[in-house]
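Asker: Let's see this in three dimensions:
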Amino acid sequence: MSSAPHQRLPDWARERLTASTPEGWETVVISAPTVSSGDGTNTVSDETVHAVALAEAYFGFGVPAPLVGHAPRLRWAHSASAGVGNSITPALRASDITLTNSAGVYAEPMADTVLAGVLHFARGLDFAVRQQAGTVWNQLPFTSATRDIHE
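Answerer: The predicted structure is shown next:
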């Protein structure tokens, strides 16, 4: 289970994933707490060690080095993060595991965030937010070329 609430697998997704698993395969969703920021963590829970012992595929945030040693049948690992720097370990390089990542999936949200930031300042929302907090409405910052907010 992700330490970040917005990155936790929702129940509906768990059910859909399990329902669409091909016959003869098993989907295991780890409930042990884990780090899901960046390219993951270097620790592996006992639950994960047990689950990857017979796994051929793994999906997580990065591929912790200890996981590789506990997954002799693992052939494919996918990292949900774009960066995988910490996952490229000597153990992974020496293995037959194919590593893929989610590079590119964050491009549009990152562009949206940059555009929102530019618009925030270009439209003077930084002034508006400060004024709102002070229960003031001074139009001068929005009409003045210098946007002087001093009163």
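Asker: Just name whatever secondary elements the lowest-mean-pLDDT helix or strand in the chain is in contact with.
Answerer: None of the helices or strands of the chain scores lower by mean pLDDT, DSSP states H and E than helix 140-143, at a mean of 78. Taking 3 or more C-beta pairs under 8 Å, 6 or more residues apart in numbering; DSSP states H and E as contact, the helices and strands that helix 140-143 lies on are helix 125-133. Yep, even glycine has a C-beta here, placed from its N, CA and C like the rest.
Asker: other SSEs contacting the helix it packs on?
Answerer: Checking 3+ C-beta pairs under 8 Å, 6+ apart, helix 125-133 ends up next to helix 140-143.
Asker: now the helix it packs on, how far from the chain's geometric center?
Answerer: Offset of helix 140-143 from its chain centre (C-alpha atoms, centre = their mean, to the nearest Å): 39 Å.
Asker: one step back: send me the least confident helix or strand of the chain as CSV with only the CA atoms.
Answerer: Extracted in CSV, the C-alpha atoms of helix 140-143 (Å, rounded to 0.1, in the frame of the first residue of the first chain):
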residue,chain,number,x,y,z
LEU,A,140,-4.1,48.9,-8.7
PRO,A,141,-1.9,45.7,-9.1
PHE,A,142,-4.1,44.7,-12.0
THR,A,143,-4.1,48.0,-13.7
